[in-house]
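Chemist: Give me the fold of what follows.
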Amino acid sequence: MWSFLTDLFRRPGSTHTVVVMDGEEVGRTRRYEVRPKRLLVAWSLSLLITVLAGASLVAFTPLRTYIPGYGTEELRRNARLNAIRVSALQDSVAVQRHYIKRLQQLLTGQVDSVAQNASQSAPAPRPTREPTTDERTLPSPNQSRDTQAHRQPAISATSFPAVVRAGGGAESEHVMPNLSLPVESPVKTGFPTRSFDASDAHFGIDLAVSEGSMVRAVGEGYVILSDWTQEGGYTVAVQHADGYLSVYKHNKRLLKQTGDHVEAREALAVSGNSGEVTTGPHLHFELWRNGLAQDPRPYVSGW
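Modeler: Here you go, the predicted model:
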């Protein structure tokens, strides 16, 4: 076969006579004139047409999706959208980390320089509190420097965005339900042993409670701090709606992590005696609003 093709295409421009003989019927022959040049042109055109047809099928029909590594336009569009979403999430996480870092500074007592900078850049806002008959008066301008630093919020705290479930089960972006004031005590048993005193930098109430008692959230919110602090030991803080922030210190064990969503009366920690600034098993409870510590007594029933 190869010798025949070699002889046939040795001189492509010449004309060859090909004799075809039937092996069973001896003597019967057929003659054909063949021009190798024309055969080459015909084969080349056939190959070119086949290649173009295959390329057209791949380029203009869904068959291209079966080729490994060949992405569709929808896939590329989804990839671009996902890249944009990832970038937006990274920005959101960066803002969230900055917000939590500022709150951690506030809760661990690192608020002096922050409060000083805030007082130089903005006037002191008027605190808003629920009207009560035994509400304490705020410090006046002629009081100590520590009290003045407390009047100026250390940070401008804002509440976490959350969702409220509609009657039909759908969810719409809104704020969390407000705290139902007065709230229940974070511990089932226990009584106050040290009151709120901003002038002495005691921004909460100490509750005498036996070690191992369950510490519960006073309202729905998000855990923005769940960690060890030098003075408060194991501390957990929950951001509520309308700028409220509740803090629970000196715990023995924490049950929630930063970022967890908690419901009202959900267990946050187990009470204990951790941290440096403690004289025995108790719970130190703080309630802040928009960066300003509040006396928890008017807000908690039974105190």
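
Chemist: ok, which stretches of the stretch 101-250 of the chain are strands?
Modeler: Assigned by DSSP state E, counting those that start in this stretch, the stretch 101-250 of the chain shows strands spanning 162-165, 171-174, 191-194, 205-208, 214-216, 221-229, 233-239, 244-254.

Chemist: Give me the contacts around the fourth one.
Modeler: Contacts to strand 205-208, defined as Cβ atoms under 8 Å, 6 or more residues apart in numbering, come from residues 185-187, 190-196, 280-286, 295-297, 303. Every residue, glycine included, has its C-beta placed from N, CA and C.

Chemist: and the residues you listed, which are buried?
Modeler: Buried members of those, scored by 16 or more other Cβ atoms under 10 Å, are 185-187, 190, 192, 196, 281-286, 295-297, 303.

Chemist: Give me the nearest residue to residue 276, chain neighbours excluded.
Modeler: Computed as Cβ to Cβ, 6 or more residues apart in numbering, the closest residue to residue 276 that is not its neighbour in sequence is residue 231, at 5.5 Å.

Chemist: just checking, the one you found touches residue 284?
Modeler: No. Under the criterion of Cβ atoms under 8 Å, residue 231 makes no contact with residue 284, lying 9.4 Å away.

Chemist: any residues in contact with both of those two?
Modeler: What both residue 231 and residue 284 touch, as defined by Cβ under 8 Å, 6+ apart, is the set residue 249.

Chemist: from what I can see residue 233 touches residue 282, true?
Modeler: No. Applying Cβ under 8 Å, one finds residue 233 not in contact with residue 282, separated by 10.9 Å.

Chemist: shared neighbours of those two, anything?
Modeler: Residues touching both residue 233 and residue 282 (Cβ under 8 Å, 6+ apart) are 250, 273.

Chemist: any idea how far residue 243 is from residue 219?
Modeler: Counting by Cβ to Cβ, to the nearest Å, the gap from residue 219 to residue 243 is 12 Å.

Chemist: Over to residue 302?
Modeler: For residue 302, the distance to residue 243 under the criterion Cβ to Cβ works out to 24 Å.

Chemist: Repeat that for residue 218.
Modeler: Distance from residue 218 to residue 243, counting by Cβ to Cβ: 15 Å.

Chemist: Which one's more surrounded, those two?
Modeler: In terms of neighbours (other Cβ atoms under 10 Å), residue 218 is the more surrounded of residue 218 and residue 243; the figures are 26 against 17.

Chemist: wait, residue 300 sits on residue 185?
Modeler: Yes. Contact criterion Cβ under 8 Å: residue 300 and residue 185 qualify, at 5.6 Å.

Chemist: Identify the contacts common to the two.
Modeler: residue 218.

Chemist: For residue 223, name its beta-bridge partners.
Modeler: With DSSP bridges as the criterion, residue 223 is bridged to residue 238.

Chemist: and it, what does it touch?
Modeler: The contact partners of residue 223, taken as Cβ under 8 Å, 6+ apart, are 236-239, 256-262, 268.

Chemist: Looks like residue 262 contacts residue 217 (just checking).
Modeler: Yes. Shown here, residue 262 and residue 217 form a contact pair, counting by Cβ under 8 Å, at 4.8 Å.

Chemist: quick one on the thing from earlier: for the strands of the stretch 101-250 of the chain, which one sits closest to residue 32?
Modeler: Across the strands of the stretch 101-250 of the chain, residue 32 has its closest neighbour in strand 171-174 (81.6 Å, Cβ to Cβ).

Chemist: hang on, the earlier thing: can I get the contacts of residue 223 in a markdown table including pLDDT?
Modeler: What follows is the contacts of residue 223, written out as a markdown table (pLDDT from 0 to 100):
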| residue | pLDDT |
| --- | --- |
| 236 | 96 |
| 237 | 95 |
| 238 | 95 |
| 239 | 94 |
| 256 | 95 |
| 257 | 94 |
| 258 | 92 |
| 259 | 90 |
| 260 | 93 |
| 261 | 94 |
| 262 | 95 |
| 268 | 97 |
